[in-house]
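Colleague: my questions concern the predicted model and sequence given below.
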Amino acid sequence: MNDTLRVLILAVVQGITEFLPISSDGHLVISNQLLKRWQGRTQPEEALTLILTLHAGTLGSIAIVYFHRLRQIVTEMDWRLCFNIVLASIPAAIIGIGFKKTFEELFNSPIAAGYGFLLTALMLLLGQKFTGGRLVERQLPWPVALIVGCFQAVAILPGVSRSGCTISGGLFCGMERESTATFSFLIAIPVIGGAVLLDAVKLLKPGAIEAANIPWGTYAMGALVSLAVGVVALRLLIRMLSQQRLHWFGYYCLAAGVGTILWQVCEGRAR
């Protein structure tokens, strides 16, 4: 498999799964394991740069879909909402930085992603039971923002969907369905942006990028594909959430989790 096809496959996977509540990290873990069988292991710097560019693409998807909402926040200087966005980002930052090495090891384990899929399925199926309340993101009390942020922190685990956790958490706390989706992706901006920035710092090591021999044109194409696919996936999620079809994704994650675990168990016995 050539580099272009590999990058495009991962870009489509990233664009779809970053926003649909089925865990982008879990799917990337499994996709990477399967692609390695065709192409072999890539250099760490190359893999890091690819992840960086694909996440940057999906970050652009949020900016496009929520452009008017973001402009409104800036022009109206909505300090309460800005404070809640920052507050909700803190738990994920603390856990992500504090347990970084542990999570890096889990991201090489498909079976960990399988169990994460099962947790996502549970969250989504429970979230479907809540029709939502009247709380909107602009009037959100800070304790609710912090609780939703704690749900986001759980999603650092592979296979656990960030959007699935935060949307379900918002519904549990009485948020209106469309507002919980809006807040979910507003708090994704500092989390995804911070992760991209931290990964970018690693690439500043002398000779790191040169040693990887990175095909920048192909990676730029991957970022554009993940952006375009991400826009479609994000709008689809908003529509399905308003139609109360969150459980569809729950059943998918349940099947994905069981299938992944069985795959890893059978593969372990075959060794």
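Modeller: Happy to help now that I have it.
Colleague: which pLDDT value belongs to the closest residue in space to residue 164 that isn't next to it in sequence?
Modeller: Leaving out its chain neighbours, the residue that sits closest to residue 164 by Cβ to Cβ, 6 or more residues apart in numbering is residue 21, at 3.1 Å. Bear in mind the C-beta positions are built from the backbone N, C-alpha and C, glycine included. Model confidence at residue 21, given as pLDDT, is 89.
Colleague: need the contact list for residue 21.
Modeller: By Cβ atoms under 8 Å, 6 or more residues apart in numbering, the residues touching residue 21 are 120, 124, 161, 163, 164, 167, 237, 246, 249, 253.
Colleague: and residue 224, by the same measure?
Modeller: With Cβ under 8 Å, 6+ apart, residue 224 has these contacts: residue 57.
Colleague: now do residue 65
Modeller: Neighbours of residue 65 in contact, by Cβ under 8 Å, 6+ apart: 185, 231, 234, 235, 238.
Colleague: just the buried ones out of those, please.
Modeller: 185, 231, 234, 238 (16 or more other Cβ atoms under 10 Å).
Colleague: give me the lowest-pLDDT entry from the residues you listed.
Modeller: Within the buried ones among the contacts of residue 65, lowest confidence goes to residue 238 (87).
Colleague: what sits against it?
Modeller: 65, 178, 181.
Colleague: what about the helices in the stretch 1-150 of the chain?
Modeller: 3-17, 24-39, 44-65, 67-76, 79-98, 100-106, 110-127, 142-154 (DSSP state H, counting those that start in this stretch).
Colleague: for these, which one ends up most surrounded?
Modeller: Neighbour counts (mean count of other Cβ atoms under 10 Å) averaged over each of the helices of the stretch 1-150 of the chain peak at helix 110-127, with a mean of 23.
Colleague: now that helix: mean pLDDT?
Modeller: pLDDT averaged over helix 110-127 gives 91.
Colleague: try stretch 255-271
Modeller: Computed over stretch 255-271, the average pLDDT equals 87.
Colleague: can you check stretch 186-196 too?
Modeller: The pLDDT scores in stretch 186-196 average 85.
Colleague: again with stretch 166-175
Modeller: So the average pLDDT for stretch 166-175 ends up being 92.
Colleague: what's the following helix or strand after the helix-or-strand element of the chain with minimal mean pLDDT?
Modeller: Using mean pLDDT, DSSP states H and E, the weakest-scoring helix or strand in the chain turns out to be helix 208-212, at a mean of 52. Sequence-wise, the next helix or strand downstream of helix 208-212 (DSSP states H and E) is helix 216-242.
Colleague: how far is the helix or strand that that next one is followed by from where the chain is centred?
Modeller: Beyond helix 216-242 on the C-terminal side, the first helix or strand identified by DSSP H and E is helix 246-270. Centroid separation for helix 246-270 versus its chain: 19 Å, with Cα atoms, centre = their mean, to the nearest Å.
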